[in-house]
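> Got a predicted structure here, sequence first:
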Amino acid sequence: TQLLEQSPQFLSIQEGENLTVYCNSSSVFSSLQWYRQEPGEGPVLLVTVVTGGEVKKLKRLTFQFGDARKDSSLHITAAQPGDTGLYLCAGEGEYGNKLVFGAGTILRVKS
Amino acid sequence: NAGVTQTPKFQVLKTGQSMTLQCAQDMNHNSMYWYRQDPGMGLRLIYYSASEGTTDKGEVPNGYNVSRLNKREFSLRLESAAPSQTSVYFCASMRGYLGSPLHFGNGTRLTVT
């Protein structure tokens, strides 16, 4: 069974601060996806990274896939209250069709 | 475009009762999934259907059954509900190719007393 360890579990920061969320595994993934979830709704995809070492930017969010495709990070620059939510990483196995999720990081950005 | 639709949104059951959670997608996706979400445990896969006519167990299948009725619909049944099945249940679908994203419904909050 492929496992994804996500850290930290909870982050409470002030508006304008930077933060990084980590997602680690001993397994190799074909792709790594990051989702954001708001209360009462399902998760929504932020980004997919596929190539080892890949870096993708989405406005103030930077996503990186480790060279060995076993880990990933999400960095938010100058966090805003609108960034508040649950962030989930999800790894896809060799044959696709199935994603395993990390436990999630609850982010709270205070104004 | 509705995406993934789940019903009901909320349900309260007594221990031993049965119920079926319904899910339908209108995106012509091949694969459909049922996850449960519990605090601090992320999303755990219950069952999935890689394509119409096939179903497979996920990480936590015990106490559940599924039916892939057609390409659009994938239902989850609890035959004899237990308090441990209190959770938020999410249905999702994806095209099925490598790297394709999951599209989620808005969840069913189930309480078993």
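Done, it's in. This one's a predicted model, so the numbers in the text were calculated from it and none came from an experiment. Numbering: from 1, shown residues only, chains lettered A, B, ... in the order given.
> which residue does chain B bring closest to chain A?
As assessed by Cβ to the nearest Cβ, chain A sits closest to B:Phe104 within chain B, at 2.8 Å. All C-beta atoms are positioned from the backbone trio N, CA, C, and that covers glycine.
> give the contact list for that residue.
By Cβ atoms under 8 Å, 6 or more residues apart in numbering or on different chains, the contact set of B:Phe104 is A:Gly42, A:Pro43, A:Val44, B:Val4, B:Phe90, B:Cys91, B:Ala92.
> Over to the residue most central in space within chain B. Which of the three states is it?
Most central in chain B under Cα atoms, centre = their mean is B:Trp34, positioned 2.7 Å from the mean C-alpha point. At B:Trp34 the chain is in strand, as set by DSSP: H, G, I helix; E, B strand; the rest coil.
> Give the bridge partners for it, please.
B:Tyr47, B:Cys91 (DSSP bridges).
> before we move on, what about B:Leu110?
B:Gln11, B:Ser87.
> isn't it right next to B:Pro8, touching?
No: B:Leu110 lies out of contact with B:Pro8 (Cβ atoms under 8 Å); the separation is 9.0 Å.
> Compare these two (neighbour count), which wins?
B:Leu110 (20 against 11; other Cβ atoms under 10 Å in any protein chain shown).
> Let me see the contact set for the more buried one.
B:Phe10, B:Gln11, B:Val12, B:Leu13, B:Met19, B:Leu21, B:Ala81, B:Gln85, B:Thr86, B:Ser87, B:Val88, B:Tyr89.
> Can I have the buried ones of the residues you listed as a ChimeraX selection?
Per 16 or more other Cβ atoms under 10 Å in any protein chain shown, the buried members of the contacts of B:Leu110 correspond to this ChimeraX selection:
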select /B:11,13,21,81,85,86,87,88,89
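> What score does residue 79 have for pLDDT?
If you meant another chain, say so; for now it's chain A. Per-residue confidence for A:Ala79 comes out at a pLDDT of 97.
> Oops, wrong one, chain B.
Looking at B:Glu79, its pLDDT reads 94.
> out of everything not next to it in sequence, what's closest to it?
Spatial nearest neighbour of B:Glu79, excluding adjacent residues (Cβ to Cβ, 6 or more residues apart in numbering or on different chains): B:Ser18 at 5.2 Å.
> Which residue, other than its chain neighbours, is closest to A:Ser12?
Spatial nearest neighbour of A:Ser12, chain neighbours left out: A:Arg108 (4.6 Å); criterion: Cβ to Cβ, 6+ apart.
> Okay, strands next: where are they in chain A?
A:5-7, A:10-14, A:19-24, A:31-37, A:44-49, A:55-58, A:61-65, A:71-76, A:85-92, A:99-101, A:105-110 (DSSP state E).
> quick one on the thing from earlier: separation between the residue of chain B closest to chain A and A:Pro81?
24 Å (Cβ to Cβ, to the nearest Å).
> Would you check that B:Gln11 makes contact with B:Met19?
Yes: using Cβ under 8 Å, B:Gln11 is in contact with B:Met19, at 6.3 Å.
> What residues does chain A have near chain B?
A:1, A:6, A:9, A:30-31, A:33, A:35, A:40-45, A:48, A:50, A:88, A:90, A:92, A:96-104 (Cβ under 8 Å from any Cβ of the partner chain).
> list the contacts for the closest residue to B:Ile46 other than its chain neighbours?
In space, and not counting its chain neighbours, B:Ile46 is closest to B:Trp34: 4.4 Å by Cβ to Cβ, 6+ apart. By Cβ under 8 Å, 6+ apart, the contact set of B:Trp34 is B:21, B:23, B:45-48, B:58, B:64, B:66, B:74, B:76, B:89-92.
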